[in-house]
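Engineer: Sharing a sequence plus its predicted fold:
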Amino acid sequence: MAQAGAINVMTTSAAGLYRALSESLAPEGPPAWLARAGREWPLFEAALRLAPESEAAQRAATAMAEIGAEPHAERGARYRALFSGPGRPPVWLYESAFRNGRLLGPETFAVEKFYRAAGMETASAELPDHASLELAFLGWLAGQEAVDTESEFLKKHAGRWLPELGRTLARSGDEVYAPIGQLLADWLEESLAPALPRMKRGEVCLPAISQADLCTLCGFCAQVCPTRALAVRETATETALILDSARCVACGQCERICETHALKMNRAGDEGQDSSSSRREVLRRSPRAMCRACGEPMVSRAELDFVAERIGHPAWLEYCVECRPAFLEKQS
Ligand code: SF4
Ligand code: SF4
């Protein structure tokens, strides 16, 4: 009974967190409570309740506690600066626009279908793939303890873009929306891996480098990965692209962004891949290129060679930015 009670508190708190996140990104602008100091927000309360179980919630509660009150009009100005036009806003709040650059795309209709299948209809005039509606839906699912539908919705929709939306807001530096974005990204990343069912061996796809010399270690795949399953690690001598297969949700965003087509989604079981257990694997490694003058490490040799080939192998490329002017001066 105690265990069931604990689960219930957790799901109720998660539902509250989703609802407060939904309100903070509402299409009509910031809710009245957002004008208060962070400590008085329902979002803070929800994070505080989840803090014993969640590092993301703990970090967020600490960050929100630092936010002071501000007139609602000022909060509105922050909202408009990030999410309103004229023309293309700095940050899209619609899944279709965020992922594909256009409003009312296939995701919009797919999300609506999802809501209908769960017995929900959107009462507002807003498009169904608005971040606020997707978060409200997640809140409703968490409250119902509809774990399978929640996992499916995370896998197909919310998990594919809301973490990146959160990270974009975190990078904005806005005093109010950056911590909210950080919470959105961290909470979803923390929830994604365990919430999504691991698919059976032979059914799941994992990224793999099909041809090592095509990978320039540019790191774009790691930047778009919503769960941080991919990461670029740099030491003084080496750069490596690392996959944590336990965090991969097989969304394929890494494959789509890879310009050189070095990275392909492969079926687990193909080429010796196994997604059934957590493991880290180096997909690509390259030594760091060293400056010919001072010997300091620069970018990876893979990236430098790629750039050199494109611009005709100029000798100055082998020198770091500090040593380059002296080298060029000697040449002239
Ligand atoms: S796999 Fe592609 S996107 Fe990723 S680091 Fe290599 S070249 Fe860049
Ligand atoms: S498929 Fe690629 S982008 Fe998607 S979770 Fe896995 S590693 Fe990250």
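Structural biologist: Thanks, I have it. Ligands and ions are numbered 1, 2, ... in the order given.

Engineer: Quick one: residues contacting the residue lying farthest from the centre of the chain.
Structural biologist: Distance from the centre of the chain peaks at S332, with 46.8 Å (Cα atoms, centre = their mean). With contact set as Cβ atoms under 8 Å, 6 or more residues apart in numbering, S332 has no partners. Yep, even glycine has a C-beta here, placed from its N, CA and C like the rest.

Engineer: Moving along the chain from the helix or strand harbouring G139, name the first helix or strand you hit.
Structural biologist: Using DSSP states H and E, G139 sits within helix 131-144. With elements assigned by DSSP H and E, the helix or strand that comes after helix 131-144 is helix 147-153.

Engineer: Which helix or strand lies directly C-terminal to that next one?
Structural biologist: Scanning onward from helix 147-153 (DSSP H and E), the first element met is helix 159-172.

Engineer: picking up where we left off before, figure out how far the helix holding G139 is from the centre of its chain.
Structural biologist: 18 Å (Cα atoms, centre = their mean, to the nearest Å).

Engineer: Summarise which helices and strands that helix is packed against.
Structural biologist: For helix 131-144, the elements it packs on are helix 2-24, helix 106-117, helix 147-153, helix 159-172, judged by 3 or more Cβ pairs under 8 Å, 6 or more residues apart in numbering; DSSP states H and E.

Engineer: Which one of those lies nearest to ligand 2?
Structural biologist: Among the helices and strands packed on helix 131-144, helix 159-172 comes nearest to ligand 2, with 8.1 Å by Cβ to the nearest ligand atom.

Engineer: what inclination does the helix or strand that that closest one is followed by have with respect to helix 159-172?
Structural biologist: Next along the chain after helix 159-172, taking DSSP H and E as the criterion, comes helix 177-195. Inter-element angle recorded for helix 177-195 and helix 159-172: 150 degrees (by axes from the mean of the first three to the mean of the last three Cα atoms, to 10 degrees).

Engineer: between helix 177-195 and helix 131-144, how many degrees?
Structural biologist: Using the same axes, to 10 degrees: helix 177-195 against helix 131-144 is 40 degrees.

Engineer: per-residue confidence averaged over helix 177-195?
Structural biologist: Averaged across helix 177-195, pLDDT comes to 85.

Engineer: residues in the stretch 201-332 of the chain within reach of ligand 2, list them.
Structural biologist: The interface of the stretch 201-332 of the chain toward ligand 2, taken as Cβ under 6 Å from any ligand atom, is made up of 207, 225-227, 229-230, 248-254.

Engineer: ok, now with 8 Å
Structural biologist: Counting by Cβ under 8 Å from any ligand atom, the stretch 201-332 of the chain comes close to ligand 2 at 205-207, 221, 224-230, 243, 247-255, 263, 265.

Engineer: and stretch 251-263, which residues are buried?
Structural biologist: Within stretch 251-263, the residues scored as buried using 16 or more other Cβ atoms under 10 Å are C251, Q253, C254, E255, C258, A262, L263.

Engineer: and G295, which of the three is it?
Structural biologist: coil (DSSP: H, G, I helix; E, B strand; the rest coil).

Engineer: ok, back up a step: which of the residues of the stretch 201-332 of the chain next to ligand 2 are buried? Put it as a ChimeraX command.
Structural biologist: Buried residues among these (16+ other Cβ under 10 Å), as a ChimeraX selection:
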select :205,206,207,221,224,225,226,227,228,229,230,243,247,248,249,250,251,253,254,255,263,265
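
Engineer: picking up where we left off before, who touches the helix holding G139?
Structural biologist: Residues outside helix 131-144 that contact it (Cβ under 8 Å, 6+ apart): 11-12, 14-19, 21-23, 25-27, 93-95, 111, 114-115, 118, 120, 122, 124, 126-127, 149-150, 153-154, 157-158, 162, 165.

Engineer: out of the helices and strands packed on helix 131-144, nearest to ligand 1?
Structural biologist: Among the helices and strands packed on helix 131-144, helix 159-172 comes nearest to ligand 1, with 15.2 Å by Cβ to the nearest ligand atom.

Engineer: Remind me what that closest one packs against, helices and strands.
Structural biologist: When contacts are defined as 3+ Cβ pairs under 8 Å, 6+ apart, helix 159-172 packs onto helix 95-100, helix 131-144, helix 177-195.

Engineer: want to try TSV for the ones you listed, with distance to ligand 2 and mean neighbour count as columns?
Structural biologist: Formatted as TSV, the helices and strands packed on helix 159-172 follow (distance: least, Cβ to the nearest ligand atom, whole Å; neighbours: other Cβ atoms under 10 Å):
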stretch	distance to ligand 2	mean neighbour count
helix 95-100	12	21
helix 131-144	18	22
helix 177-195	8	22
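
Engineer: With that, I have no additional questions.
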